[in-house]
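J.: sequence unknown, structure follows:
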């Protein structure tokens with residue numbers, strides 16, 4: 001079991017089967033949960049409903065507060081989840097035990113306006129829609145006091161979703177939505193429990209869904225701290241890659257490749273600047289075959305290795321990232337692995353040159369280009385294996 005659905009026997013029984021099940025995933029939201037439950041009960045009024053608090057065993061005891069409220073409120077059910085933590089997994093666990101005909105998801109931070117829930121129910125029940133999205137982008141909605149930088153990040157994320165996933169929702173990043181039970185039962189098996197946004201999972205995997213948007217004004221958080229950090233950008237890109245390409249390719253590998261491309265660009269820019277600045281050559285006195293060495297080459301390689309290490313550590317391998325004093329030895333290991341990758345690249349290139357692969361077909365210049373590309377690809381795979389096996393391997397917490 002990944003969770004426990006706690007419904008103490010002394011709860012007063014619910015009068016009728018719920019029409020709406022509201023799932024709220026929580027982590028360290030003990031001050032917000034009582035306010036949210038009161039707001040939900042007030043907003044839904046006479047509509048039979050249940051409120052499922054899916055808590056990831058919060059250190060602040062959010063689940064205890066919710067269970068205490070459940071003792072006197074028959075609408076409240078509590079799931080204390082001990083394993084497989086994460087927002088998406090919590091939402092799916094909540095949906096799996098929900099009894100309503102319409103399943104809503106709302107954040108516990110009080111930034112989503114519960115008053116639009118009856119409108120969402122009406123759009124699904126009366127208009128026949130499959131999904132109703134609480135939207136900040138349509139007329140009548142708004143982002144509240146968001147900073148310009150946060151609005152820009154949201155705009156970029158929306159643009160990526162609409163272009164790459166071809167979804168036509170103005171606010172695909174919304175965490176506030178409602179689906180019909182028929183939609184949930186049809187698509188639940190396709191949803192990735194480790195996905196970034198459950199809404200994006202539904203509308204990204206099933207483009208036949210009839211989606212409507214209900215406007216609401218995003219509110220400021222009152223208690224607790226925002227969970228938005230730079231890992232959110234990474235998680236989003238991984239989710240988009242997985243939704244677009246499927247699960248045959250590790251999305252983290254695509255980020256690794258993307259970082260590698262950035263490294264190549266940095267290498268080229270630094271080399272050009274160093275050449276223009278007249279960075280001198282130098283000799284090692286070790287071997288005439290390698291002397292003289294271009295200082296611009298050494299500088300560009302050093303800077304690009306540093307940039308690639310930093311991006312991989314803080315972006316590609318966020319969960320396994322190194323911090324503090326551990327960064328220095330990790331960087332030394334990374335440099336060593338980069339040298340191995342370079343040797344593999346050179347070795348493959350030299351071997352293909354020696355055997356003349358496709359030389360008669362492509363000519364000298366074309367063959368060199370192909371041999372270099374093959375060497376680079378093999379070196380990329382070797383470095384990926386080394387880095388994920390020895391450096392950024394999954395470490396037990």
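T.: Done, it's in. Just so it is clear, the structure is predicted and the values come from calculations on it, not from any experiment.
J.: helix, strand or coil for residue 50?
T.: Under DSSP: H, G, I helix; E, B strand; the rest coil, residue 50 falls in the strand class.
J.: that one and residue 18, how far apart?
T.: The spacing between residue 50 and residue 18, counted by Cβ to Cβ, to the nearest Å, is 4 Å. Where C-beta positions appear, they are placed from N, C-alpha and C, glycine not excepted.
J.: same check on residue 362?
T.: The spacing between residue 362 and residue 18, counted by Cβ to Cβ, is 68 Å.
J.: now swap in residue 145 and tell me
T.: 34 Å.
J.: of these two, which one has the most company?
T.: It is residue 18, of residue 145 and residue 18, that has more neighbours when counted by other Cβ atoms under 10 Å, with 22 against 9.
J.: can you give me phi and psi for that one?
T.: Torsion angles at residue 18 (phi, psi; degrees, to the nearest 10) stand at phi -70, psi 140.
J.: quick one, what contacts it?
T.: 48-50, 75, 99-100 (Cβ atoms under 8 Å, 6 or more residues apart in numbering).
J.: which residues of the stretch 201-350 of the chain fall in strands?
T.: 211-215, 281-282, 293-294 (DSSP state E, counting those that start in this stretch).
J.: turn those strands into CSV, including mean neighbour count, mean pLDDT and distance to residue 271.
T.: Output for those, formatted as CSV (neighbours: other Cβ atoms under 10 Å; pLDDT from 0 to 100; distance: least, Cβ to Cβ, whole Å):
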stretch, mean neighbour count, mean pLDDT, distance to residue 271
strand 211-215, 21, 95, 49
strand 281-282, 12, 76, 13
strand 293-294, 14, 72, 9
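J.: and those as CSV, adding distance to residue 381?
T.: Conversion of the strands of the stretch 201-350 of the chain to CSV gives the following (distance: least, Cβ to Cβ, whole Å):
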stretch, distance to residue 381
strand 211-215, 40
strand 281-282, 33
strand 293-294, 28
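J.: nearest to residue 124, of these?
T.: Residue 124 lies closest to strand 211-215 among the strands of the stretch 201-350 of the chain, at 8.2 Å (Cβ to Cβ).
J.: quick one: list the elements packing against that closest one.
T.: Packed against strand 211-215, as judged by 3 or more Cβ pairs under 8 Å, 6 or more residues apart in numbering; DSSP states H and E, are the following elements: helix 117-125, strand 131-135.
J.: could you tell me the angle between the last one and helix 117-125?
T.: Direction vectors for strand 131-135 and helix 117-125, defined by axes from the mean of the first three to the mean of the last three Cα atoms, to 10 degrees, enclose an angle of 150 degrees.
J.: other residues contacting strand 131-135?
T.: 106, 112-113, 116, 119-121, 123-124, 141, 169-171, 174, 176-180, 183, 199, 202-203, 209-216.
J.: among the contacts of residue 18, which one sits closest to residue 369?
T.: Within those, distances to residue 369 taken as Cβ to Cβ reach their minimum at residue 100, with 60.6 Å.
J.: only the buried residues of stretch 69-86, if you could.
T.: Along stretch 69-86, these residues count as buried under the neighbour rule (16 or more other Cβ atoms under 10 Å): 69-70, 73, 75-81, 86.
J.: point out the least confident one among these.
T.: Within the buried residues of stretch 69-86, residue 86 has the lowest pLDDT, namely 82.
J.: next, it: phi, psi?
T.: Listed backbone geometry of residue 86 is phi 140, psi 150, with angles given as degrees, to the nearest 10.
J.: quick check: it touching residue 193?
T.: Yes - distance between residue 86 and residue 193: 7.4 Å, which falls inside the contact criterion (Cβ atoms under 8 Å).
J.: overlap in contacts, residue 50 and residue 18.
T.: 75, 99-100.
J.: got a markdown table for the residues you listed, with secondary structure and distance to residue 60 too?
T.: Formatted as a markdown table, the shared contacts of residue 50 and residue 18 follow (DSSP: H, G, I helix; E, B strand; the rest coil; distance: Cβ to Cβ, whole Å):
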| residue | secondary structure | distance to residue 60 |
| --- | --- | --- |
| 75 | coil | 23 |
| 99 | coil | 28 |
| 100 | coil | 28 |
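J.: ok, these vs residue 312, which is closest?
T.: With Cβ to Cβ as the yardstick, the closest approach to residue 312 among those comes from residue 100, at 43.9 Å.
J.: element containing the closest residue to residue 346 other than its chain neighbours, please.
T.: Of all residues beyond its chain neighbours, the one nearest residue 346 is residue 375 (7.1 Å), with distances taken as Cβ to Cβ, 6 or more residues apart in numbering. Under DSSP states H and E, the secondary-structure element containing residue 375 is helix 359-386.
J.: check which helices and strands that helix sits against.
T.: The contact analysis (3+ Cβ pairs under 8 Å, 6+ apart) places helix 359-386 against helix 251-277, helix 327-355.
J.: can you put those in a markdown table and add mean neighbour count and mean pLDDT?
T.: Formatted as a markdown table, the helices and strands packed on helix 359-386 follow (neighbours: other Cβ atoms under 10 Å; pLDDT from 0 to 100):
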| stretch | mean neighbour count | mean pLDDT |
| --- | --- | --- |
| helix 251-277 | 16 | 85 |
| helix 327-355 | 15 | 89 |
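J.: nearest to residue 90, of the ones you listed?
T.: helix 251-277 (21.1 Å).
J.: tell me the angle of the closest one relative to helix 359-386?
T.: Between the axis of helix 251-277 and that of helix 359-386 there is an angle of 110 degrees, by the same axes, to 10 degrees.
J.: need the pLDDT of the residue most central in space within the chain.
T.: Nearest to the centroid of the C-alpha atoms of the chain, with distances taken as Cα atoms, centre = their mean, sits residue 235, at 1.6 Å. The predicted local confidence for residue 235 comes out at a pLDDT of 72.
J.: separation between it and residue 318?
T.: The span separating residue 235 from residue 318 equals 8 Å under the rule Cβ to Cβ.
J.: just residue 393 next, same as before
T.: Taking Cβ to Cβ as the measure, residue 393 falls 14 Å from residue 318.
J.: out of these two, which sits in the more crowded spot?
T.: residue 318 (20 against 10).
J.: after the helix or strand bottoming out on mean pLDDT in the chain, which helix or strand is next?
T.: Sorting the helices and strands of the chain by mean pLDDT, DSSP states H and E puts strand 4-6 at the bottom, at a mean of 47. Along the chain past strand 4-6, the next helix or strand (assigned with DSSP H and E) turns out to be strand 20-26.
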